[in-house]
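Peer 1: the amino acid sequence is not available; the structure is as follows:
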């Protein structure tokens with residue numbers, strides 16, 4: 001099973017590299033930027049293992065499941081950046097569901113692990129927090145897309161991320177919710193062994209991310225409001 005997962009990881013990684021190459025040859029800045037981000041995200045678990053090992057001497061092994069899921073989400077997103085978001089109506093829904101489920105599974109594992117926060121929270125709290133946190137990430141992402149569009153218009157360049165409007169945002173949030181609810185409903189504890197290897201780090205990430213999401217979304221909202229007001233005054 002592990003060998004199959006490793007093959008899947010390298011397959012998705014090759015797919016990301018291929019889409020990055022296509023984006024580079026076609027001078028598609030959006031695909032290039034998103035391809036690099038997808039590659040970095042895909043190798044982050046491996047880099048984290050090496051970093052933790054070098055700094056603490058601990059033998060931390062995350063396993064291939066996390067890397068495969070991240071690489072798969074990145075590859076699906078890259079296909080979308082090369083045109084599938086526009087030509088396949090349900091592709092955006094698929095990518096949001098897969099990515100949201102990944103985030104939800106990581107958060108859910110942190111709350112379910114007795115070594116982290118699991119001993120302090122109820123089942124209801126775990127379910128509600130997982131869904132709300134995942135939706136919060138979705139809100140922040142929508143602000144990032146909107147900010148990318150505003151920046152692109154300001155510098156007269158194609159944005160690195162596309163914002164398709166309010167209707168698309170509502171659908172994105174709905175499918176983010178679907179991904180999170182599926183994880184909670186099926187009690188997916190796939191990543192519990194991972195967070196139990198680094199309980200203090202996992203706890204700090206959950207708490208810190210919650211604060212950063214709130215502050216970041218609020219900050220982006222304020223900045224976008226100021227920018228739009230300035231543009232309106234200029235016009």
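Peer 2: Okay, I see it. Please read these numbers as outputs of a predicted model, since none were measured by experiment.

Peer 1: wait, doesn't residue 109 sit right on residue 199?
Peer 2: No. Proximity of residue 109 to residue 199 does not meet the contact threshold set by Cβ atoms under 8 Å, at 11.1 Å. Yep, even glycine has a C-beta here, placed from its N, CA and C like the rest.

Peer 1: give me the more crowded residue out of these two.
Peer 2: residue 109 (24 against 16; other Cβ atoms under 10 Å).

Peer 1: roughly how far apart are that one and residue 152?
Peer 2: As judged by Cβ to Cβ, to the nearest Å, residue 109 and residue 152 stand 36 Å apart.

Peer 1: now do residue 212
Peer 2: Taking Cβ to Cβ, one finds residue 212 at 24 Å from residue 152.

Peer 1: try residue 31
Peer 2: Look at residue 31 and residue 152: by Cβ to Cβ, they are 15 Å apart.

Peer 1: so if I had to pick from those two, which one is more boxed in?
Peer 2: A side-by-side neighbour count of residue 31 and residue 152, using other Cβ under 10 Å, places residue 31 first with 24 against 18.

Peer 1: just the element for that one, please.
Peer 2: helix 29-56 (DSSP states H and E).

Peer 1: got a list of what the one residue sitting closest to the centre of the chain touches?
Peer 2: Geometric centre of the chain, nearest residue: residue 99, 5.5 Å, by Cα atoms, centre = their mean. Shown in contact with residue 99 (Cβ atoms under 8 Å, 6 or more residues apart in numbering): 73, 77, 179.

Peer 1: with adjacent residues omitted, what lies nearest to the second one?
Peer 2: By the measure of Cβ to Cβ, 6 or more residues apart in numbering, the closest residue to residue 77 outside its immediate chain neighbours is residue 95, 5.3 Å from it.

Peer 1: helix/strand/coil for the one you found?
Peer 2: Under DSSP: H, G, I helix; E, B strand; the rest coil, residue 95 falls in the helix class.

Peer 1: that one is in contact with residue 74, isn't it?
Peer 2: No. Using Cβ under 8 Å, residue 95 is not in contact with residue 74; the gap is 9.7 Å.

Peer 1: okay, and for this protein, where does confidence drop off?
Peer 2: Residue ranges of the chain with pLDDT under 70: 1, 117-120, 154-155, 227-235.

Peer 1: can you tell me how far the residue nearest to the centre of the chain is from residue 80?
Peer 2: Distance from residue 99 to residue 80, counting by Cβ to Cβ: 11 Å.

Peer 1: got it, and residue 51?
Peer 2: In terms of Cβ to Cβ, residue 51 sits 30 Å off from residue 80.

Peer 1: the two: who's more crowded?
Peer 2: Using other Cβ under 10 Å, the more surrounded residue of residue 51 and residue 80 is residue 80, with 21 against 12.

Peer 1: isn't that one up against residue 96?
Peer 2: No. In this structure, residue 80 is not within contact of residue 96 by Cβ under 8 Å, at 10.1 Å.

Peer 1: cool, thanks, signing off.
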